[in-house]
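Visitor: I'll drop the sequence and a predicted model, then ask my questions.
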Amino acid sequence: MDTLQDVQLRNKLHGLYEEHRDLDDAIRVFELSGKADPLQLQRLKKMKLNIKDKIAQIENMLLPDIIA
């Protein structure tokens with residue numbers, strides 16, 4: 001993998017980590033408020049899970065498998 005692509009993937013990964021953290025904070029606030037719409041809460045959790053999957057994909061691209 002060339003350096004430019006590596007840098008781009010790392011930047012994307014950093015952004016996804018921030019987005020995941022922000023969603024986690026939003027979910028926590030909704031849950032603590034006691035007034036959270038269950039459907040909205042479910043959507044936020046699904047978005048967070050999708051971001052986690054994207055993070056895993058990029059991490060797999062950046063870290064090559066070690067064949068033992």
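Guide: Sure thing, it's come through.

Visitor: ok, which stretches of the chain are helices?
Guide: Counting by DSSP state H, the chain has these helices, from start to end: 3-33, 38-62.

Visitor: would TSV of those helices with mean pLDDT and mean neighbour count be doable?
Guide: Yep, even glycine has a C-beta here, placed from its N, CA and C like the rest. Shown next, in TSV, are the helices of the chain (pLDDT from 0 to 100; neighbours: other C-beta atoms under 10 Å):
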stretch	mean pLDDT	mean neighbour count
helix 3-33	94	13
helix 38-62	95	13
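
Visitor: most centrally placed residue in this protein?
Guide: Closest residue to the average C-alpha location of the chain: residue 51 at 3.2 Å, with C-alpha atoms, centre = their mean.

Visitor: State the distance from the closest residue to that residue other than its chain neighbours to residue 2.
Guide: Among residues not flanking residue 51 along the chain, residue 20 sits closest, at 4.7 Å (C-beta to C-beta, 6 or more residues apart in numbering). To residue 2, residue 20 is 27 Å away according to C-beta to C-beta, to the nearest Å.

Visitor: contacts for stretch 17-33?
Guide: For stretch 17-33, the external contacting residues (C-beta atoms under 8 Å, 6 or more residues apart in numbering) are 36, 40-41, 44-45, 47-48, 51-52, 55.

Visitor: gap between that stretch and the chain center?
Guide: Here the centre of mass of C-alpha atoms in stretch 17-33, compared against the chain's by C-alpha atoms, centre = their mean, to the nearest Å, lies 12 Å away.

Visitor: ok now do the residue nearest to the centre of the chain, which residues does it touch?
Guide: 16, 19-20, 23.

Visitor: From residue 2, how far out is it?
Guide: For residue 51 relative to residue 2 (C-beta to C-beta), the value is 26 Å.

Visitor: now swap in residue 45 and tell me
Guide: On the measure of C-beta to C-beta, residue 45 and residue 2 end up 36 Å apart.
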